[in-house]
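In: Here you go, sequence then predicted model.
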Amino acid sequence: MQLCAFTMCKKTLITMKLSSSSCSSTTQHFPIFNGATNLHFTTLIKPSFPHAPLHFPCITSSAVGGASAPSAAREDDMLVVRRPVKESYEGDEVEEDESDGDDKVSTSSSSVMDEELSKFAKKMPIFEPKRGDAVSSSGEKMLVVNLDLALYRAKVLARNFRFKEAEDILEKCISYWPEDGRSYVALGKILGKQSKSNEARAVYEKGCQATQGENAYIWQCWAVLENKLGNIRRARQLFDAATVADKKHVAAWHGWAVLELKVGNVKKARYLLDKGLKNCGGNEYIYQTLAMLEAKANRNDEARYLFRQATKCNPKSCASWLAWAQLEVQQENYRVARRLFEKAVEASPKNRFAWHVWGVFEANVGNIDQGRKLLKIGHALNPRDPVLLQSLGLLEYKHSAANLARALFRRASELDPRHQPVWIAWGWMEWKEGNIKAARELYQRALSINSTSESAARCLQAWGVLEQRAGNLSAARRLFRSSLNVNSQSYVTWMTWASLEEDQGNSIRAEEIRNLYFQQRTEVTDDASWVAGVLDIIIDPAIDSIKKLLNIDQNSYNKQQDSSTSEEGSNPVSENNTESGSGFDLDGFISQKLSLDASKLDIDLGSKKSTSKKSIWRPSRSSVSV
C-alpha cells in the first residue's frame, strides 16, 4: 500500500510540473512533506482555488511497518519539493499555511525535484506481504494438498510415538486452516492416546466452535472420548449433535448404538442402527452389530443373513468374517467356521486377531499342531503382541512343558509389562504347578497394574479359587467379595462363592448368595467378549460344573481332554481334513502373501538383559487390600 502511495505522489508531482510549464503564474511555495506530521496516506483532494497549497502527509517508518519517526526531524532529512516556475508575476505571492511552520526554501528547478524524489525513493522500504507457511506471496492460502501432507506427517509421527512433534504440526494446521475439522480430530485422538482427556476435550470444543458445529466427525470423536470416561449422558448429547450435523455419518449412529447396548438399552440400540441403515445405506459395521444381536437371541438364520450382508458391503472386513466364524463355532459347524477363518486371513493377512482366533479354534478341536502353527504365524507377523505369546504359552503348558510355557509368559511380560492377562495366565500356570507363593505374587503383580478393570475382577476370582483350594476360606471370601465389587454381574464369581459356602455346609448362606445374584442382575444383551473371545482375555479357573453350566467356549485351555474328544465325536474333524476341507494351502499362502517360511517360525525367547528372574518374581510394593 505504501509503494502505491509513493507512486501516486510521484505522478502528482510530475503532473504539477507539466501544468506549471504550460501556464504562467507567480512563483509559489508548496511544501510537499512536513517531517513533523505523522499521518497515514489519504486520498489527495484537488484544491478548490488556484493558489491553495497542496499538503501531502509525511511517510514515516511507522507507516511502512518500521519504528515511529521522531517528533522533530532535521531539515536535511526532510524532503521539501517546490513547484518549478518558468514565469513569475508580481503580486501573486501565496502565503504558506500556518501548519507548515517556518520552513521556507527557495525556488528549485525540475532537476532538483528529480534528485529529491530519488532520495525519497531510496529511503522508502519496499513493502512485501508476510510469507507464512500457509500463505503464498500473493496473500492467498496454499492448496489443501499441503494440509493433507501435514496431516499424513503427523499420523506417521504419532504411529512412531513421537507425539510432541505430531502435536506441533497439528497445532500449526489448526492455525492456518481453522475451518478444517481433520486437524482437530487428529490432535484430539493423539491427546486421548496419552490420557490427556481435558486437553483433548478442549481441542474438540474449539473445533466445534471453529466449524460452527457443522463437522460431524469432531462431535463423534468427542462423544467417544466422553463415553470412555464414563460420561454416558454427555456422550449421548454429543452423538446426537453429530447426527444432526450430518445424518449420513454412520460412525455416529453406530457408536451411539454400541453405547446403548453397553447400558442394556436394546430397543434404543436397534432403533439407532435402523436409522443408520436408512440414512447411510448398507454398512458393514451396522450389519455386523445387528447380526451379533440376532446371534445373542439365538436367531441364527437372521444372524447369518446379516453377516452375509456385512461381508458383501466389504469383503475385506476381517472383523465380520471373524464374528461370523465364531457363530458357526458355537453351532459346532466347524468346517464352515474354518472356511470363514480362511476368508478372514485372506481379507487381512497381517491381522493378529484373525490368526489368534483361528489358532485357538484349532487347538480347541484337537488340532494342536495346527493351532500352534497359526499362533506362531501370527507372532511372526506381530512380534510386539503379547496376547499371541500368552495363548501359545497356555497351549504349550497343556500339551508340552511348563518350562517352555514359562519362557513364553516371561517374554510376553517383557513385551508389555502392563498387560494384566499375561500375569494372570502365568499365575494360573504356577498355581497348577503347585507354586502357590509364586502364583500369589503374580496375581498381586497383575492387580498392582489396575485393580478396577475387568481383568482385575477375573484375577481376584482366580486368586479366591486358589485360596479356597489352599484352605484359606476367609481370604477366599474376601477375594470373591472384592471381585464382585469390581464386576457385580459375574455369574461365575457368584456361583463359585455359593459353592464354597455349600461345601462348608452353609446351605442357607449359599442360597442367599444365589438370590443376591438374581436380585441385582441386569440383562446384558451384548458382551464384548462374544466377539473378542480369547483375543485379549482369559477366563480364570473355576469349578468345572459352573463352566459346563455357562458353556464357556472361550476358555479353551481349561477344557478337559475328554470334552475335546466328545466334540470331535459329534463333529468329525481330523488332521486329515484340516487342510483339505476347503483346499486352502496355508504354507503357500504365507509364502506368497507374507514371505514367510513355514519351517522357520520358531520364536526367539531370549530375555532382555535388564530383566532378571528375580525382578519378575518380586511383588510390587503397592499392597492390594482384599
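Out: It's in. Numbers count the residues shown, from 1 in each chain.
In: Check the gap between Val185 and Glu467 for me.
Out: 48 Å (CB to CB, to the nearest Å). For glycine as for every other residue, the C-beta is placed from the backbone atoms N, C-alpha and C.
In: An error on my part: the question was meant for Gln288.
Out: 41 Å.
In: Neighbour count: these two, which is higher?
Out: Gln288 (26 against 21; other CB atoms under 10 Å).
In: Work out for me the element the more buried one sits within.
Out: helix 284-296 (DSSP states H and E).
In: Give me the contact list for that helix.
Out: Residues outside helix 284-296 that contact it (CB atoms under 8 Å, 6 or more residues apart in numbering): 250, 253-254, 257-258, 261, 266, 269-270, 273, 276-277, 280, 300, 302-307, 309-311, 313-314, 317, 319-320, 323-324, 327, 330, 525-526, 530-531.
In: hmm, which of those residues are the buried ones?
Out: 250, 253-254, 257-258, 261, 266, 269-270, 273, 276-277, 280, 300, 303-304, 306-307, 309-311, 313-314, 317, 319-320, 323-324, 327, 525-526, 531 (16 or more other CB atoms under 10 Å).
In: what residues are up against Glu362?
Out: Glu362 touches Ile368, Gln370, Gly371, Leu374, Thr578, counting by CB under 8 Å, 6+ apart.
In: Distance check, the nearest residue to Ala446 once chain neighbours are set aside against Leu388.
Out: Among residues not flanking Ala446 along the chain, Trp423 sits closest, at 3.8 Å (CB to CB, 6 or more residues apart in numbering). In this view, Trp423 and Leu388 are 16 Å apart by CB to CB.
In: and the nearest residue to Ala598 once chain neighbours are set aside, how many residues sit next to it?
Out: Residue nearest to Ala598 in three dimensions, not counting chain neighbours: Asp587, with 4.4 Å by CB to CB, 6+ apart. For Asp587, the neighbour count with other CB under 10 Å is 13.
In: do Phe161 as well
Out: By other CB under 10 Å, neighbour count at Phe161 equals 10.
In: Look up the pLDDT of it for me, please.
Out: For Phe161, the pLDDT comes out at 88.
In: Could you do the one 4 residues further on as well?
Out: In this prediction, Glu165 carries a pLDDT score of 94.
In: Enumerate every residue touching it.
Out: Leu157.
In: Same check on the one 4 residues further on?
Out: With contact taken as CB under 8 Å, 6+ apart, Ile169 is in contact with Ala150, Arg153, Ala154, Leu157.
In: So the last one: helix, strand or coil?
Out: Using DSSP: H, G, I helix; E, B strand; the rest coil as the criterion, the local structure at Leu157 reads helix.
In: Check the gap between it and Ala347 for me.
Out: Applying CB to CB to Leu157 and Ala347 gives a distance of 29 Å.
In: try the first one
Out: Using CB to CB, one gets 32 Å for the distance from Ala150 to Ala347.
In: The third one too?
Out: From Ala154 over to Ala347 the distance is 28 Å, taken as CB to CB.
In: the more surrounded of the two?
Out: Ala154 (25 against 19).
In: Test my guess that the more buried one contacts Leu170.
Out: Yes. Judged on CB atoms under 8 Å, Ala154 makes contact with Leu170 at a distance of 5.2 Å.
In: can you list the weak-confidence ranges in the chain?
Out: 1-142, 522-582, 606-626 (pLDDT under 70).
In: Please name the residues that touch Trp321.
Out: Thr311, Leu340, Phe341, Lys343, Ala344, Ala347, Ala354.
In: please redo it, this time with the cut-off set to 7 Å
Out: Counting by CB atoms under 7 Å, 6 or more residues apart in numbering, Trp321 touches Thr311, Leu340, Lys343, Ala344, Ala347.
In: could I have the helix or strand where the fourth one lies exported to PDB, CA atoms only?
Out: Element membership of Ala344 [criterion: DSSP H and E] is helix 334-347. Taking C-alpha atoms only, helix 334-347 is exported to PDB below (Å, rounded to 0.1, in the frame of the first residue of the first chain):
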ATOM      1  CA  TYR A 334     -16.500 -76.500  12.300                       C
ATOM      2  CA  ARG A 335     -16.000 -77.000   8.600                       C
ATOM      3  CA  VAL A 336     -17.900 -73.800   7.800                       C
ATOM      4  CA  ALA A 337     -16.100 -72.000  10.600                       C
ATOM      5  CA  ARG A 338     -12.700 -73.000   9.300                       C
ATOM      6  CA  ARG A 339     -13.600 -71.700   5.800                       C
ATOM      7  CA  LEU A 340     -14.700 -68.400   7.400                       C
ATOM      8  CA  PHE A 341     -11.400 -68.100   9.300                       C
ATOM      9  CA  GLU A 342      -9.600 -68.600   6.000                       C
ATOM     10  CA  LYS A 343     -11.700 -65.800   4.500                       C
ATOM     11  CA  ALA A 344     -10.600 -63.600   7.400                       C
ATOM     12  CA  VAL A 345      -6.900 -64.100   6.900                       C
ATOM     13  CA  GLU A 346      -7.300 -63.600   3.100                       C
ATOM     14  CA  ALA A 347      -9.100 -60.300   3.800                       C
END
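In: Show me where the stretch 101-250 of the chain has its helices.
Out: For the stretch 101-250 of the chain, the helices defined by DSSP state H, counting those that start in this stretch cover 110-123, 144-159, 163-176, 182-193, 197-210, 216-228, 232-245, 250-262.
In: of all those, which lies closest to Asp416?
Out: For Asp416, the closest of the helices of the stretch 101-250 of the chain is helix 182-193, at 15.3 Å, according to CB to CB.
In: Contacts made by the closest one with the rest, please.
Out: So helix 182-193 is contacted by 151, 154-155, 158, 163, 166-167, 170, 173-174, 177, 199-200, 203-204, 206-207, 217-218, 221, 225 (CB under 7 Å, 6+ apart).
In: Could you rerun that using 6 Å?
Out: Contact partners of helix 182-193, identified using CB atoms under 6 Å, 6 or more residues apart in numbering, comprise 151, 154, 158, 163, 166, 170, 173-174, 199-200, 203-204, 207, 217-218, 221, 225.
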